[in-house]
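[1] With the sequence up front, the predicted model follows.
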Amino acid sequence: MASVFSKIKQAYQLFKHIDIEKFEHLASKVDLGAVMENVSHMDDVQLAGLMKMLGKGSHKDKPLPPIEGDFYHLGHALTPEERTLQLKVREVMETEIKPLINEYWLKAEFPFEIIPMLAKLNICGGTYQGYGCPGLSHTVEGMIAMEIARVDTSVCTFFGVQSGLAMGSIYLLGSEAQKQEWLPAMQQMTKIGAFGLTEPEVGSAVAAGLTMQAKRNGDTWVLNGQKKWIGNSTFADVIIIWAKDVGDGQVKGFLVRKGSPGLAVKKIEDKMALRIVQNGIITLTNCEVVESDRLANANSYKDTASVLRMTRAGVAWQAVGCARGAYESALKYTRERKQFGRPIASFQLIQNHLVEMLTNLTAMQTMVFRLSQLQQEGKITDEHASLAKVFCSLRTRDIVSKAREVMGGNGILLEHDVARFVADAEAIYSYEGTKEINTLIVGRAITGSSAFV
Ligand SMILES: Cc1cc2nc3c(=O)[nH]c(=O)nc-3n(C[C@H](O)[C@H](O)[C@H](O)COP(=O)(O)OP(=O)(O)OC[C@H]3O[C@@H](n4cnc5c(N)ncnc54)[C@H](O)[C@@H]3O)c2cc1C
């Protein structure tokens with residue numbers, strides 16, 4: 001009798017912890033007897049493993065690690081003022097500019113309302129001294145390009161053409177009067193610039209010979225020819241046109257003003273990448289440019305190349321931003337998306353993709369960070385910039401494609417951002433020197449032998 005009471009007491013002690021309704025629910029779904037039988041044969045290690053597995057779903061409140069594409073904390077290598085600026089750019093991009101992007105990207109139109117948003121950041125003409133420019137370091141300038149591209153590559157391209165290619169040509173090669181006229185207004189972004197080098201029939205081979213002709217006639221130059229792909233050209237106040245002087249056969253630069261007689265710009269329609277950027281085909285027909293609007297210190301293609309050397313580093317940073325935006329969006333998505341009852345981020349194969357993306361992204365960031373340091377020290381060469389452009393634009397293609405992959409079907413929807421990065425990576429891959437051309441530049445530098453033709 002005593003042992004019966006003792007059994008009832010034991011049963012009571014066990015059952016008082018059990019929710020009978022849940023127990024009933026469970027019994028209706030599984031053979032509880034079989035479960036008990038199996039569990040009772042488990043050793044301590046197996047039981048601990050089972051409890052760990054069961055515990056997974058119940059730690060819903062455990063904070064997840066931050067979504068951070070800067071794994072080696074390069075942003076913390078900036079000065080406190082620079083870091084503040086970097087984060088300010090991020091805030092404006094995420095809160096003010098990002099909400100506008102997909103709509104404009106779909107329409108392939110330019111959101112002019114972003115110009116004052118960018119202007120107020122005082123980042124235009126970043127590293128230039130004087131003329132109202134902020135005189136930033138090359139490293140923070142690179143970080144800024146990355147932050148812009150991390151949200152949208154088109155906006156970064158628009159900004160890069162303005163601040164780098166167009167202002168850079170005037171800053172490096174303009175006369176004092178040309179600098180005084182254009183740089184302060186362009187820094188404030190009240191005047192917008194474009195850079196016209198590529199032609200319909202001359203792309204990679206611009207160094208070998210342009211077909212746009214410039215003929216001097218007293219104090220005036222007469223320009224004839226076409227340019228293709230010229231970003232911002234449909235609305236720019238000034239377009240830097242690179243043309244061959246028929247007199248001495250050298251490449252010279254001209255400030256062609258908006259509305260000049262003989263200047264016609266046709267927007268390139270139906271692009272599948274950088275749809276916000278307004279690229280144009282420019283036709284110049286007996287377009288007259290006064291001598292005072294010829295870039296005073298641009299005397300040969302070598303001078304044009306000095307602008308590209310400076311801006312190519314920025315394009316490498318832009319690739320990093322595009323890749324980082326895609327990686328961070330994909331990581332966020334995989335933590336939220338559940339399949340087989342678990343976030344897909346918990347699957348080994350998905351983690352493999354994510355870690356590969358982060359590895360490449362981290363290598364790219366450390367590379368461009370060092371590149372900017374070389375630029376800051378005045379030691380950057382064409383091959384330094386070309387190597388980074390090749391590596392970063394190649395790896396970016398890989399990262400955005402993996403980002404799309406881990407998002408399944410949703411990866412091709414604009415609303416999840418990554419689809420835009422996938423398309424835009426294709427443009428970064430080709431402009432400011434294709435992979436082949438930049439490879440040949442590095443190849444020439446390390447072998448001493450030019451393999452261009
Ligand atoms: C979205 C976008 C924006 C742009 N914005 C501007 C701008 O604002 N201003 C401007 O001036 N230009 C701009 N460009 C032009 C850009 O710089 C050119 O597209 C680029 O230089 C390549 O020229 P291409 O497209 O004519 O290709 P091509 O020169 O015809 O090259 C085609 C292929 O042949 C390969 N190739 C060429 N030569 C060699 C060789 N010797 N050995 C091996 N392979 C070779 C190339 O690598 C490439 O794969 C823009 C382009 C794009 C797509």
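    Perfect, thanks for sending it. Remember, it's a predicted structure, so these values are computed and weren't measured experimentally. Numbering: from 1, shown residues only.
[2] what stretches of this structure score poorly on pLDDT?
    Scanning the chain with the threshold set as pLDDT under 70 gives 1-5, 11-12, 14-17, 23, 45, 52-61.
[3] quick one, phi/psi of the closest residue to the ligand within it?
    Of all residues in the chain, Gly203 sits closest to the ligand, at 1.7 Å by C-beta to the nearest ligand atom. From N, CA and C alone the C-beta is placed, and that goes for glycine too. Main-chain dihedrals, Gly203, degrees, to the nearest 10: phi -110, psi -90.
[4] Distance of it relative to Gly247?
    Gly203 is 25 Å from Gly247, where distance means C-beta to C-beta, to the nearest Å.
[5] More neighbours: the two, which one.
    Taking neighbours as other C-beta atoms under 10 Å, Gly203 and Gly247 compare with Gly203 leading, 16 against 10.
[6] and the gap between that one and Ala363?
    For Gly203, the distance to Ala363 - C-beta to C-beta - is 29 Å.
[7] With Arg312 instead?
    Distance, Arg312 to Ala363, by C-beta to C-beta: 18 Å.
[8] Which one's more surrounded, the two?
    Taking neighbours as other C-beta under 10 Å, Arg312 and Ala363 compare with Arg312 leading, 23 against 14.
[9] Can you tell me the closest non-neighbouring residue to Asn360?
    Residue nearest to Asn360 in three dimensions, not counting chain neighbours: Arg395, with 4.3 Å by C-beta to C-beta, 6 or more residues apart in numbering.
[10] same question, Met143
    Using C-beta to C-beta, 6+ apart, the closest residue to Met143 is Gln86 (4.9 Å).
[11] quick one: the one you found and Ala77 touch, right?
    No: assessed by C-beta atoms under 8 Å, Gln86 is found out of contact with Ala77, at 10.9 Å.
[12] Among the two, which residue is more densely surrounded?
    Gln86 (20 against 14).
[13] Report the residue ranges of every domain in this protein.
    The chain breaks down by automatic domain parsing into domains covering 74-192, 194-300, 302-447.
[14] The ligand contacts on the protein?
    Neighbours of the ligand within the chain, by C-beta under 6 Å from any ligand atom: 161, 195-198, 203-204, 229-231, 274, 279, 427, 430-432, 434, 436-437, 452-453.
[15] Would you mind measuring from Thr333 to Asn102?
    Careful, residue 333 is Tyr and not Thr. Distance, Tyr333 to Asn102, by C-beta to C-beta: 16 Å.
[16] between these two, which one's more packed in?
    More crowded of Tyr333 and Asn102, by other C-beta under 10 Å: Tyr333, with 21 against 17.
[17] tell me which element the more buried one is part of?
    Assigned by DSSP states H and E, Tyr333 belongs to helix 301-336.
[18] residue ranges for the helices of the stretch 201-350 of the chain, please.
    301-336, 348-376 (DSSP state H, counting those that start in this stretch).
[19] Would you point to the one among those that's packed deepest?
    Of all those, helix 301-336 carries the top mean neighbour count, a mean of 24, counting by mean count of other C-beta atoms under 10 Å.
[20] what sits against Ala166?
    For Ala166, the contact set (C-beta atoms under 8 Å, 6 or more residues apart in numbering) comprises 186, 192-195, 232, 236, 238, 240.
[21] do the same with Leu183
    Residues near Leu183 by C-beta under 8 Å, 6+ apart: 125, 128, 130-133, 167, 170-171, 174.
[22] can you list contacts of stretch 196-207?
    The contact list for stretch 196-207 (C-beta under 8 Å, 6+ apart) reads 208-212, 225-230, 233, 239-242, 256, 281-282, 301, 304-305, 433-434, 436-437.
[23] do that again at 6 Å, thanks
    210-211, 226-230, 239, 241-242, 282, 301, 437 (C-beta atoms under 6 Å, 6 or more residues apart in numbering).
[24] In the residues you listed, which residue is surrounded by the most others?
    Counting neighbours by other C-beta under 10 Å, the top entry in the contacts of stretch 196-207 is Ile241, with 29 neighbours.
[25] Quick check: it touching Gly253?
    No: contact criterion C-beta atoms under 6 Å: Ile241 and Gly253 do not qualify, at 7.1 Å.
[26] Does Asp398 lie in a helix or a strand, and which?
    helix 382-406.
[27] and that helix, what does it pack onto?
    Judged by 3 or more C-beta pairs under 6 Å, 6 or more residues apart in numbering; DSSP states H and E, the packing partners of helix 382-406 are helix 301-336, helix 348-376, helix 418-430, helix 435-447.
[28] Tell me, how many residues neighbour the nearest residue to Lys332 once chain neighbours are set aside?
    Among residues not flanking Lys332 along the chain, Ile67 sits closest, at 5.4 Å (C-beta to C-beta, 6+ apart). Using other C-beta under 10 Å, Ile67 has 12 other residues around it.
[29] hang on, Ile67 is in a helix, isn't it?
    No: under DSSP: H, G, I helix; E, B strand; the rest coil, Ile67 falls outside any helix and is assigned coil.
[30] Next up, the contacts around it.
    By C-beta under 6 Å, 6+ apart, the residues touching Ile67 are 328, 331-332.
[31] Dump these to JSON lines, plus distance to Gln10.
    Converted to JSON lines, the contacts of Ile67 look like this (distance: C-beta to C-beta, whole Å):
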{"residue": "Glu328", "distance to Gln10": "55"}
{"residue": "Leu331", "distance to Gln10": "50"}
{"residue": "Lys332", "distance to Gln10": "50"}
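[32] What is the nearest of these to Glu383?
    For the contacts of Ile67, the minimum distance to Glu383 (C-beta to C-beta) is 30.9 Å, reached by Glu328.
[33] just checking, the closest one touches Glu68?
    No: using C-beta under 6 Å, Glu328 is not in contact with Glu68; the gap is 7.8 Å.
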